[in-house]
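# Build the 3D model from these lines:
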Amino acid sequence: MIAIDRIVAAIPDALTATRLDLPGERIEGKVRDLYVIDGLRVLVATDRFSAFDRVLGAIPFRGQVLNELSAWWFGQTADIVANHLVEVIDPNVCIGREAVALPVEVIVRGHITGVTSTALWTLYNDGVERPYGLELPAGLRKNDALPHAVITPTTKGGPGDHDERLSEVELVERGLVDAARWAEVRRVALALFARGQELAARGGLVLVDTKYEFGLIGDQLVLIDEVHTPDSSRYWTAESWARCRGTDEEPAGFSKEFLRLWFVAQGFAGDGEVPALPPELIAQASQRYQAVYEMLTGRDFKPAAAPAGTRVEAAVSAWRGRI
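Numbers count the residues shown, from 1 in each chain. Predicted coordinates:
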C-alpha cells in the first residue's frame, strides 16, 4: 500500500493525469474516458471521483485500482457471463468490445443500509410499504444482512435521470427489458453477487451491495463497465461488521461511500458549492481503494512508474502496431 505522504503529493495532478491528446473521437465520462481510434474502443480509467451525479474531486491511484481490479473480477466471473473486455494494455487502460447497453442498472443488495433519500434502509425506516416492490421482514435494523439478496433496478440515463424506486415488475411493464431477457439478467446478476460475496469473504470483506451494467453483443448478454470495485460496490471489513451488528455504529466502509458519508455530514447532497475534501481524507480514501484490491486479489498494489499520459499513449501506439 502506498504511504500517505506520497498520495498527498499526487493529489494536485490527479484530475488531469489521464486527460490525453489521443486521435479519434473522445467521449468523457464522469470517471472514465472513451476514445474511439480507428474502430478501437480505448477505455481510460481516471482518478476522478463522483457522487451525487457530480465530479467532486480526485483520488490518486483510484483509476489504476478500478481498472486492474475490474479486469481481475472479469476473470473470476467469466464462467457466469461473458464480458466486453478484450485486453488490459496499461494499468489505467483496457480495450473493450462495443456493446449495446441495456437501459437499466441492476443493483443487488445483501444488506439493508444507505444514507440517501432513496436508500433501501431510508425507505424501510420511513415506513414505506414494499420499497422497490420488495417484501421485507419486520424488525430489520440498519446494516442487517437480508434473508436473501434482492434486486432494485434503476433506469440508466444522464445526470439526475435515475429512478431508484423502480421495481422489477415496473421495469418489464415499461418495456425497458422484455420478460425473457430480464429473467436472464436476474439469474446472472444473482449468480455474480453470490460469487462476489464468496470471494470477498475469503479476503476478510463483506460485499454489501453492488451495481451491474449489462449490454448485448448481437444477442449475447455481456457484462460491461467495471464490476465489484470500490466504486461499483460497497464493502465492509468482516471484523467491523461483526463488531457493529446490533448497534448504530457504521461499519468500516471500503468504497466511495466513505467519502459520500463525509459530504453528507457536511450538509452537502449534490446541490450548491462542493466542500473541499481535506488532503488527509483523500489519502485515506486512496488507501482504502488499494486495501480492497489487496484483500481481494492477495497481491500488493504496485503503482505504475511512468506518468499516466505517457504510459497510455505508448500503450495505445503499441496496440495499434499489433493490429
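# who touches the lowest-mean-pLDDT helix or strand in the chain?
Among the helices and strands of the chain, helix 308-322 carries the lowest confidence by mean pLDDT, DSSP states H and E, at a mean of 78. Contacts to helix 308-322, defined as C-beta atoms under 8 Å, 6 or more residues apart in numbering, come from residues 17-20, 22, 35, 37-38, 40, 42, 44, 63, 87, 89-93, 95, 304. All C-beta atoms are positioned from the backbone trio N, CA, C, and that covers glycine.
# can you pull the buried residues of stretch 86-103?
Of all the residues in stretch 86-103, those buried under the rule 16 or more other C-beta atoms under 10 Å are 88-96, 99, 102.
# Can you measure across it, start residue to end residue?
23 Å (C-alpha to C-alpha, to the nearest Å).
# can you pull the contacts of the residue most central in space within the chain?
With the centre of the chain defined as its mean C-alpha position, the nearest residue by C-alpha atoms, centre = their mean is Ser232, 1.5 Å away. By C-beta under 8 Å, 6+ apart, the residues touching Ser232 are 70, 210-212, 225-226.
# go again using 7 Å as the cut-off
The contact partners of Ser232, by C-beta atoms under 7 Å, 6 or more residues apart in numbering, come to 210-211, 226.
# One more: Trp262?
By C-beta under 7 Å, 6+ apart, the contact list for Trp262 reads Leu281.
# so it sits in a helix?
Yes: counting by DSSP: H, G, I helix; E, B strand; the rest coil, Trp262 is part of a helix.
# how about the strands in this structure?
Taking DSSP state E, the strands of the chain run over residues 25-28, 32-37, 40-45, 48-51, 54-58, 82-83, 85-90, 93-96, 100-111, 145-151, 154-155, 205-217, 220-224, 233-237.
# Buried residues, the second one. List them.
Using 16+ other C-beta under 10 Å as the test for burial, strand 32-37 gives 32-33, 35.
# Which strands and helices lie in contact with that strand?
Contacts defined by 3 or more C-beta pairs under 7 Å, 6 or more residues apart in numbering; DSSP states H and E place strand 32-37 against strand 25-28, strand 40-45.
# Just the CA atoms of that strand, as PDB, please.
Once non-C-alpha atoms are left out, strand 32-37 reads as follows in PDB (Å, rounded to 0.1, in the frame of the first residue of the first chain):
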ATOM      1  CA  ARG A  32     -13.800   7.200 -17.300                       C
ATOM      2  CA  ASP A  33     -13.000   8.400 -20.800                       C
ATOM      3  CA  LEU A  34     -13.600   6.500 -24.000                       C
ATOM      4  CA  TYR A  35     -11.500   7.000 -27.100                       C
ATOM      5  CA  VAL A  36     -12.600   5.500 -30.400                       C
ATOM      6  CA  ILE A  37      -9.500   5.200 -32.600                       C
END
